[in-house]
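J.: missing the sequence, but the structure's below:
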């Protein structure tokens, strides 16, 4: 009988649900994707996931055994195995672990949010290997945070630890989907970058390639910034400054050795890293100077989200 | 031969150095104090500490054995056993563990800062017993922070984790001794409270008992607030609001079950607790609502600082 050599990693998003079979070394033997259909009942999604995952399993070459299922989902709760009132899923409270147990009974099933999964992926398969204290920031539509302390992911009392994105950087500032105003993720995210660029365009009449579109996207801001557009560059500078200031707070609390930036916006490289590092340094209590680096994620980009969710199970089986 | 039943706890402050012998249950069998004389060389202080601690040892009734020495000091570094550039000591970099080993060779000697010691005291002898995730905030002349995650004190990569007091709450705000501007501790501390009261007095001509003094102290503000003075009460409200906002950030990062307030300003009770809780609640991401309490410290007030430093050693010997 084959060794338990594969984990099914599942990344549930508002639009698509990705899944794949990952081995202990972080190699993906097969991956696929189904639409989430967040407007339908969650059970319909889980049923289709089970069917598609079984179909994919049948295509894997060689003999394998499944060790468990790791799932990353917005507002995924590690302790309860639930998805709780995720804004972009419209599912309310879902007993995800319970539902999947109906299909994969007897196997370990672990749930967390996507940023925590990213941090576990960094710890097991990325640049976090061998580090005891680091933070992963996922910069996509929103801003997620995974915190590792003493080599362990921090879930906290609630199971939801790591929500730097919903720390307030501007009291009474931009409205956030969570109901607060001025949350970090309304500034430091792809959405926030595009919003800042639009504000800058409205506040001046300086020429900019971004004026060609009525509502320039984050990708358009990135392209313009690469081409040297001053308004696009200023939007990146402000985004990084806001992020770096808040990272200084995070460093003061848990003193990580590294902060890894992950996700779409992180791909902008130095455009986002340079102002982030500058603001972090300027706002850092002196005892922390030189003790922390801001770096791009070291998780291989293909299937990065799946590696993290699979790491949920591999980490548990190791400890 | 007697069991190793006592730890020498030492609390080095800018003015006085307290020390005492603490047993495993947190009982203090004898305590005393010497002046620190921070203007003289640190070795002179350690020599006097050793002499005074030996003299105190000789007065203890019964037979005892020393298990170790725990020291809390400003900018005390757990990994290196050092005091590093503490603003109110003027000693630069001091190899505290090395110096004390010269007097107490062969015994475990552990060093941390006063707020981390307070958190360990809470964990072993206070209201933190049985909790896995909590934060202790010490509100005195400054603001210290001790963070407990998964039942362990967080030292972080640098050994200095837990410096919420030097997170910035007002960019370009009040100058802080650390060189930054607008640090939390310049607002949320005894010093910050008195400063806020003086600003409020200058900004209005409303009658206030505080006008009787040219420079009302935090204690005077406390007395006036208890007597219902509106300016003193407003100073407390603003202090608590600033603190509660920053606590919301800390909750978002590590999701503690409780935040314990410790030290002089915490003795103001509801005057500081109520506005702190209100601001925390108003700025908290919804998933954390109802998961965290703000409470006064549960460490017995007598010798509280010594209990924490002794806990440094008892915790290590336990694990």
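T.: That came through fine. A quick note: this is a predicted structure, and the numbers were derived from the prediction, not measured. Numbers count the residues shown, from 1 in each chain, chains lettered A, B, ... in the order given.
J.: can you show me the strands along the stretch 51-200 of chain A?
T.: All strands of the stretch 51-200 of chain A, identified by DSSP state E, counting those that start in this stretch, fall at A:65-72, A:76-77, A:82-84, A:93-94, A:109-112, A:134-139, A:143-149, A:152-153.
J.: mind giving me the packing neighbours of the longest helix along chain A?
T.: Taking DSSP state H as the criterion, chain A has its longest helix at helix A:230-254. The helices and strands touching helix A:230-254, judged by 3 or more C-beta pairs under 8 Å, 6 or more residues apart in numbering or on different chains; DSSP states H and E, are strand A:134-139, strand A:143-149, helix A:190-203, helix A:218-226, strand A:258-262, helix A:270-282, strand B:143-149, helix B:230-254. For glycine as for every other residue, the C-beta is placed from the backbone atoms N, C-alpha and C.
J.: 7 Å instead, please
T.: Contact here means 3 or more C-beta pairs under 7 Å, 6 or more residues apart in numbering or on different chains; DSSP states H and E; on that basis helix A:230-254 packs against helix A:190-203, helix A:218-226, helix A:270-282, helix B:230-254.
J.: so for it, mean pLDDT?
T.: The predicted model gives helix A:230-254 an average pLDDT of 98.
J.: that helix vs strand A:134-139, what angle?
T.: Following axes from the mean of the first three to the mean of the last three C-alpha atoms, to 10 degrees, one obtains 150 degrees for the angle between helix A:230-254 and strand A:134-139.
J.: buried residues, helix A:230-254. List them.
T.: Neighbour-count burial for helix A:230-254, with 16 or more other C-beta atoms under 10 Å in any protein chain shown as criterion, is recorded at A:231-254.
J.: stretch A:141-158 too?
T.: Buried positions in stretch A:141-158, judged by neighbour count with 16+ other C-beta under 10 Å: A:141-149, A:153-158.
J.: contacting chain B as well, which ones from the residues you listed?
T.: A:147, A:149, A:154, A:156, A:157, A:158 (C-beta under 7 Å from any C-beta of the partner chain).
J.: closest to residue B:40 out of those?
T.: residue A:149 (38.4 Å; C-beta to C-beta).
J.: and stretch A:198-218, average pLDDT?
T.: What stretch A:198-218 shows for mean pLDDT is 94.
J.: ok now it, how far from the chain's centre?
T.: Here stretch A:198-218 is found 28 Å from its chain centre; the criterion is C-alpha atoms, centre = their mean, to the nearest Å.
J.: gap between the two ends of it?
T.: Start-to-end span of stretch A:198-218 (C-alpha to C-alpha, to the nearest Å) is 10 Å.
J.: so which residues make contact with that stretch?
T.: Stretch A:198-218 is contacted by residues A:190, A:193-194, A:197, A:220-221, A:224, A:227, A:229-232, A:234-235, A:265 when judged by C-beta atoms under 7 Å, 6 or more residues apart in numbering or on different chains.
J.: may I see the buried residues of it?
T.: A:198, A:200, A:201, A:208, A:209, A:210, A:216, A:218.
J.: same check, this time on stretch A:306-319
T.: So, applying 16+ other C-beta under 10 Å, buried residues of stretch A:306-319: A:306, A:307, A:308, A:309, A:310, A:311, A:312, A:313, A:314, A:315.
J.: check stretch A:19-27 too.
T.: Buried-residue list, stretch A:19-27, by 16+ other C-beta under 10 Å: A:19, A:20, A:21, A:22, A:24, A:26.
J.: rebuild the buried residues of stretch A:198-218 as CSV, extending it with distance to residue A:170.
T.: Below are those laid out as CSV (distance: C-beta to C-beta, whole Å):
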residue, distance to residue A:170
A:198, 16
A:200, 16
A:201, 19
A:208, 24
A:209, 28
A:210, 23
A:216, 22
A:218, 19
